[in-house]
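Dropping the sequence and predicted coords here.
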Amino acid sequence: MNNTLTLVCWNFENNGKSDPQRRGAGDELLRSLNADIVFRQELWDAGANGKVIFHEQSRTLGLQGVLGEGSCTALFYNPAKFSVVRDWTQSRAPHFVMLPTALALRYEAAGPNALPFNAISYHLNYASAEQRLLEAEWLTTWADKGWPMPDGHRYTLPAIYAGDNNSYPTGSRGDLPLPDLSTVKNLPHRLHRSYAGPSGQRVPDTRPDTAFRTAGLEDAALYWATAPHGDPRALSRTVNACDTHGPDSRVDRAYLTPELLPAITGFDVIEVDEDLSDHHILRLILDSDQINSILNQPVGA
């Protein structure tokens, strides 16, 4: 019996660039990964005409899905393993340029008295470091949600985030180096991926990562890369280097609340041909028995 849960995250560029064949190829690639939860970004055309494309993609994946407002983000989940107990998607609308999709999911195998958990697919703003910081700070509110349980107590929901940060990790040991901004030839992009430091000199934008970690969230790739039985390749690039935009970077990341970290048994980056998408796929593997135990031993709110 399979005792793992597979979660994947992909910013599939423009949902296949309005090309049905390219979109179908991307969906088949995702289907081949047998994911239990899929965190998606950039589904621009999926909500048109009564969500015809979105429903088609759900069928291809063999999963149920929730499409966020504006088709910016979505979550797909295996209905044999998870059910939605609350949709938080609209609750933070004014603070985001591209709305996240945020769901409280129940893991059915954990039993009726287990705590649900929050799953959040997000896409931070492309052009503004100040807006990204605002969005990251608001995203952390889903790591601080109380939930009433049958025992009469209120507990804090665990949370799993995955998305495109359009910014860099803080540069921990073993991670990809931060870019030298002078080598980023596209000047608007240099602006977009940096902010003015205390001296006024622009520096690479790592503030969303700092905000998440200040709120107690942990970078799943960094955790697995530095774990005793982990793999440093978890810190692989998620976007390729190019002449205009600078070096390989790890802008796509997944973050977990600390109680979920012991359930991680794998993390890797699946490289995708650049003709299909400009981002690679994150894959996070969780031990289902550990998840069961964690959700049945909740932390007080």
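Thanks, I have the structure now.

What are the boundaries of the helices in the chain?
14-17, 20-32, 48-61, 129-139, 187-192, 207-214, 220-226, 288-295 (DSSP state H).

what mean pLDDT does the fifth one have?
Helix 187-192 shows an average pLDDT of 94 in the prediction.

and residue 257, what is it in contact with?
143, 158, 159, 160, 216, 217, 218 (C-beta atoms under 8 Å, 6 or more residues apart in numbering). (Glycine included, C-beta is placed from N, CA and C.)

do you know how far it is from residue 223?
Applying C-beta to C-beta, to the nearest Å, the value for residue 257 to residue 223 is 12 Å.

try residue 199
33 Å.

Between the two, which has more neighbouring residues?
Neighbours per residue (other C-beta atoms under 10 Å) separate residue 199 from residue 223, with residue 223 holding more: 19 against 7.

Pull the contacting residues for that one.
Counting by C-beta under 8 Å, 6+ apart, residue 223 has contacts 230, 256, 261, 264, 267.

Point to the residue nearest the middle of this protein.
residue 162 (0.9 Å; C-alpha atoms, centre = their mean).

circling back to that earlier point, and among the helices of the chain, the most buried is which?
helix 220-226 (a mean of 23; mean count of other C-beta atoms under 10 Å).

re earlier: list buried residues within the contacts of residue 223.
Buried members of the contacts of residue 223, scored by 16 or more other C-beta atoms under 10 Å, are 230, 256, 264, 267.

Got the confidence number for residue 83?
What the model reports as pLDDT for residue 83 is 98.

The residue nearest to the centre of the chain bridge partners, please.
residue 121, residue 254 (DSSP bridges).

Tell me the spacing between the closest residue to residue 175 other than its chain neighbours and residue 217.
Excluding the flanking residues, the one nearest residue 175 by C-beta to C-beta, 6 or more residues apart in numbering is residue 235, at 5.1 Å. Using C-beta to C-beta, residue 235 is found at 17 Å from residue 217.

pretty sure residue 298 contacts residue 155?
Yes. If you go by C-beta atoms under 8 Å, residue 298 and residue 155 touch, sitting 3.7 Å apart.

got any residues that touch both of these two?
Joint contacts of residue 298 and residue 155 (C-beta under 8 Å, 6+ apart) are 115, 149.

Look at the two and report which has more neighbours.
Between residue 298 and residue 155, counted using other C-beta under 10 Å, the more crowded position is residue 298 (22 against 19).

Run through the residues that contact the residue nearest to the centre of the chain.
Residue 162 neighbours (C-beta under 8 Å, 6+ apart): 7, 9, 39, 120, 121, 122, 252, 253, 254, 255, 282, 284.

ok, now with 7 Å
9, 39, 121, 254, 282 (C-beta atoms under 7 Å, 6 or more residues apart in numbering).

farthest-separated two in the residues you listed?
121 and 282 (11.4 Å; C-beta to C-beta).

More neighbours: which of those two?
residue 121 (31 against 26).

May I ask you to confirm that the more buried one is in contact with residue 164?
No. If you go by C-beta atoms under 7 Å, residue 121 and residue 164 don't touch, sitting 9.6 Å apart.

on that earlier part again, any of the contacts of residue 257 buried? List them.
Using 16+ other C-beta under 10 Å as the burial test, the contacts of residue 257 include 143, 158, 159, 160, 217, 218 as buried.

ok, which pair from those is furthest apart?
Farthest apart among these by C-beta to C-beta are 158 and 218. That separation is 11.8 Å.

Next one, pLDDT for the residue lying closest to residue 185 once chain neighbours are set aside please.
Spatially, and ignoring its direct neighbours in sequence, residue 185 is nearest to residue 244 (5.1 Å; C-beta to C-beta, 6+ apart). Listed pLDDT for residue 244 reads 85.

pLDDT below threshold where in the stretch 51-200 of the chain?
Counting by pLDDT under 70, the stretch 51-200 of the chain contains low-confidence residues at 90-93.

Now do the strands in it.
Applying DSSP state E, counting those that start in this stretch to the stretch 51-200 of the chain gives strands spanning 64-67, 73-77, 82-87, 101-107, 117-123, 146-148, 154-156, 159-164, 194-196.

Format those as a markdown table; extra columns: distance to residue 136.
A markdown table is the format used below for the strands of the stretch 51-200 of the chain (distance: least, C-beta to C-beta, whole Å):
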| stretch | distance to residue 136 |
| --- | --- |
| strand 64-67 | 22 |
| strand 73-77 | 15 |
| strand 82-87 | 21 |
| strand 101-107 | 14 |
| strand 117-123 | 9 |
| strand 146-148 | 21 |
| strand 154-156 | 19 |
| strand 159-164 | 10 |
| strand 194-196 | 13 |
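
out of those strands, nearest to residue 171?
So among those, strand 194-196 is nearest, using C-beta to C-beta, at 14.0 Å.
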